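**Q** this one's sequence-less:
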């Protein structure tokens, strides 16, 4: 009997392959000697005009096949890269060129592209290119951008790419009339995704069929396909993009096209050879994308119970030198800042600013960590001001379970209303307090203080918009072997899609999990898709796969009913066999049904004989009935009304060393609600990974630029990351399941949940341990040590 798999911790089918070193990444593609290799000359300066580029020493170098600068590009390739997500508030959006034209605006910007026999020759050639510059004053950091003494782009006044305001009610008036008021100024610094595998692209042009094949380590194979087609003047049908195994994405690979994703295919067509580019680690630091940097000013009015009456937020967002991904990150900050709370009247204004640094695009959490940091620090400040328990202040502001759907009166990042679909925030808080021992902590703190140890506890709540549109699709095909092949267009970077999606199909079709094969990110198999981002895979592709499998099942039952001379309603599918309920002898396996679904003229084996013209069919009817198609397959798409909103709460207990200021995590607890769980083990794995990433972002990782725009820590020798010794040994996790009414599975996303509240929850816990306001994150032991010195000098 087939056991239902949805909701159970099915082991990941991908792991054996990865653990045995059998993964296949972009750099594993096309490793034969005929493949050419590319290298990129990148700007060593943050801001300069290009006076001249001399490539003469490269042209005669043995093994070099071609070199391109912007002057060698033509047509759409010579135009700026696309601004992917335009917005009316982005009045001064700017994108870079595939190769810099006239000016460079950050260290790492691509200037020249060399293709050679191997990477060694290509790098040597890059080193021989001579560029003459006229140096321009760099703008580094939000303060310099706001001062606008110098401009990143001459035609962008004040370095302001965008200014956007949203409001619901009159927040300034509500705050002015409130019994109590507070102001906070907060900062959160830059960090970056730093996946194990950097970016990479391989391309092969087939002149016999005028067709291009591209392999890219991307989060959107269809997006890369469209960009390549437009820039190279090709029809979409001439371009195939395949995303093989991807060694981590975390958001940096949703941006597209990267210069190399265009230059490599261009070179492959021009040279008639396969061309490969693999990004090295320093290149990833200085020429891929960063995120997180914001300065925030918050004004809040509240009553004696801590109930919010008005909230007014202004923040400044550093988007780097260009804005290819539009305003998605700051819009998410401005809307997701509200978390699970009713803010009273709310106004938010942000300015998105240019700096001469690496551009900013989404990084796991994508603006939500900054918003959560702002709101949760505000909640802590209110509690401290009133002398109330921090959990109580949060509870009194929660949206209640009977208030869903809850419309905040704002527009979310997808252009749809910010309307929460479901949740039970009070229940989550009850679970979290029990999990971390919130009510027992004061006694524990006193006990530790008596022993000369400093401990603190923090909590943070968040709501995460997941499953944004516009759509995803799926194709489910039952082979004549009875095996099921599933294709969906979004890409996979370690989320366990092959396992989870197979669970959905196995349950719907009544087949064994091991008989389902899932393919993602291959435009040959699914040409219509959007991509993997915003915790959307389970909601979007999961729903599409469920619907496609249902279509396939409907066809199975129609054909099997005719073959078994039974009513469809009397049929069941168990372990890949269709049978009449209560009559197991009257049965037909899915493979045979698949054979019968495709009327044949020719027999190729014993099984196919059953579908030939003298074996099956009614001579009085067409072999393929009107409205039907040959084959046993289902295809469907899922497009939501709006996003679905997951939620969660984290708590952490930390110890701070009185002498060294070292911060040690003693306990970490998470309560998460992502609707119906498809695979609890994979959800918990996502949470574990997110928490580890959040620990890095809160305590270690920052992109350190000097005043000249040089990134000072562009290597893993200097860019600090948590090791396994710094990540909590055990993370206590509990789940709440409030199904979403917006999709057929009742699911919400989970991929980014673990990282969202990290800055907020650690700031709260360290502040509780130290009694010193924590208003800047991340915070390292040296930062904390310095804060202690400042605090000691302040008058009491």
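**A** That came through fine. These numbers were taken from a predicted model, which means no experiment stands behind them. Numbering: from 1, shown residues only.

**Q** could you use CA atoms for every contact and neighbour count after this?
**A** Will do.

**Q** taking the centroid of this protein, which residue is nearest it?
**A** Here the mean C-alpha position of the chain is nearest to the C-alpha of residue 533 (Cα atoms, centre = their mean), at a distance of 3.6 Å.

**Q** show me where the stretch 551-700 of the chain dips below the pLDDT cut-off.
**A** The model of the stretch 551-700 of the chain has pLDDT under 70 over residues 617.

**Q** which helix runs longest in the protein?
**A** In the chain, taking DSSP state H as the definition, the longest helix is helix 537-564.

**Q** how about that one, which residues are buried there?
**A** Burial within helix 537-564, assessed by neighbour count using 16 or more other Cα atoms under 10 Å, is assigned to 537-561, 564.

**Q** quick one: strands adjacent to the next helix-or-strand element following it?
**A** Elements were assigned by DSSP states H and E; along the chain past helix 537-564, the next helix or strand is strand 571-574. The pairing partners recorded for strand 571-574 under DSSP bridges are strand 577-580 (antiparallel).

**Q** list of residues touching the strand it pairs with?
**A** In this structure, residues lying in contact with strand 577-580 by Cα atoms under 8 Å, 6 or more residues apart in numbering are 511, 557, 560, 566, 570-573, 585-590.

**Q** how about the contacts made by residue 506?
**A** Neighbouring residues of residue 506 by Cα under 8 Å, 6+ apart: 5, 512-513, 516.

**Q** I'd like to know which of these are buried.
**A** Listed as buried from the contacts of residue 506 are 5, 512-513, 516; burial here means 16+ other Cα under 10 Å.

**Q** all the helices of the stretch 451-600 of the chain, residue numbers only.
**A** Assigned helices in the stretch 451-600 of the chain, in chain order: 497-509, 537-564, 590-596 (criterion: DSSP state H, counting those that start in this stretch).

**Q** any chance of those in JSON lines, plus distance to residue 137?
**A** As requested, those are arranged in JSON lines below (distance: least, Cα to Cα, whole Å):
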{"stretch": "helix 497-509", "distance to residue 137": "47"}
{"stretch": "helix 537-564", "distance to residue 137": "43"}
{"stretch": "helix 590-596", "distance to residue 137": "68"}
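
**Q** nearest to residue 362 among those would be which one?
**A** Nearest to residue 362 among the helices of the stretch 451-600 of the chain is helix 537-564; the distance by Cα to Cα comes to 16.3 Å.

**Q** by contact count, what packs against the closest one?
**A** In terms of contacts (3 or more Cα pairs under 8 Å, 6 or more residues apart in numbering; DSSP states H and E), helix 537-564 is packed against strand 472-478, strand 484-488, helix 497-509, strand 583-589, helix 590-596, strand 633-638.

**Q** how about the ones you listed in a markdown table, adding distance to residue 215?
**A** Shown next, in a markdown table, are the helices and strands packed on helix 537-564 (distance: least, Cα to Cα, whole Å):
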| stretch | distance to residue 215 |
| --- | --- |
| strand 472-478 | 21 |
| strand 484-488 | 17 |
| helix 497-509 | 19 |
| strand 583-589 | 37 |
| helix 590-596 | 32 |
| strand 633-638 | 25 |
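
**Q** for residue 655, find the nearest of the ones you listed.
**A** Smallest distance to residue 655 across those (Cα to Cα): 37.7 Å, for helix 497-509.

**Q** tell me what angle that closest one forms with strand 484-488.
**A** Inter-element angle recorded for helix 497-509 and strand 484-488: 120 degrees (by axes from the mean of the first three to the mean of the last three Cα atoms, to 10 degrees).

**Q** report the rounded mean pLDDT for helix 497-509.
**A** For helix 497-509, the mean pLDDT works out to 98.

**Q** stretch 459-467 too?
**A** Summarised as a single mean, pLDDT over stretch 459-467 is 97.

**Q** quick revisit: out of the helices and strands packed on helix 537-564, nearest to residue 189?
**A** Distances from residue 189 to each of the helices and strands packed on helix 537-564 were compared by Cα to Cα, and the smallest falls on helix 497-509, at 32.3 Å.

**Q** and that closest one, which residues are buried?
**A** Residues of helix 497-509 classed as buried: 497-509 (neighbour count, 16+ other Cα under 10 Å).

**Q** can you put those residues in TSV and add distance to residue 175?
**A** Putting the buried residues of helix 497-509 into TSV (distance: Cα to Cα, whole Å) gives the following:
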residue	distance to residue 175
497	47
498	51
499	50
500	47
501	48
502	52
503	51
504	49
505	53
506	55
507	53
508	53
509	57
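
**Q** among the residues you listed, which pair sits farthest apart?
**A** In those, the most distant members under the criterion Cα to Cα are 497 and 509, with 17.8 Å between them.

**Q** quick check: residue 694 touching residue 753?
**A** No. Taking contacts as Cα atoms under 8 Å, residue 694 lies outside contact range of residue 753: 9.9 Å.

**Q** in the helix or strand of the chain with the lowest mean pLDDT, what's buried?
**A** For the chain, counting by mean pLDDT, DSSP states H and E, strand 583-589 ranks last in confidence among helices and strands (a mean of 89). By neighbour count, and taking 16+ other Cα under 10 Å as the criterion, the buried residues in strand 583-589 are 587-589.

**Q** kindly report the same for stretch 609-617.
**A** Taking 16+ other Cα under 10 Å as the neighbour-count basis, stretch 609-617 is seen to contain the buried residues 609-613, 617.

**Q** for stretch 740-752, same thing?
**A** Of the residues in stretch 740-752, those scored as buried under the neighbour-count criterion (16+ other Cα under 10 Å) are 740, 742-743, 745-752.

**Q** which one of the residues you listed sits closest to residue 289?
**A** For residue 289, the closest of the buried residues of stretch 740-752 turns out to be residue 752, at 17.7 Å, with distances computed as Cα to Cα.

**Q** quick check: which element contains the closest one?
**A** Of the helices and strands defined by DSSP H and E, none includes residue 752.

**Q** from what I see, it and residue 363 are in contact.
**A** No. Under the criterion of Cα under 8 Å, residue 752 lies out of contact with residue 363, with a separation of 9.4 Å.

**Q** confidence score at the residue nearest to residue 110 when sequence neighbours are not counted?
**A** Ranked by Cα to Cα, 6 or more residues apart in numbering and with sequence neighbours excluded, the top spatial neighbour of residue 110 is residue 42, at 4.6 Å. Predicted confidence (pLDDT) for residue 42: 98.

**Q** please report phi then psi for residue 42.
**A** Residue 42 has phi and psi values of phi -120, psi 150 when expressed as degrees, to the nearest 10.

**Q** if we can go back for a sec, which one of the buried residues of stretch 609-617 is nearest to residue 467?
**A** Using Cα to Cα, residue 611 comes nearest to residue 467 of these, at 41.9 Å.
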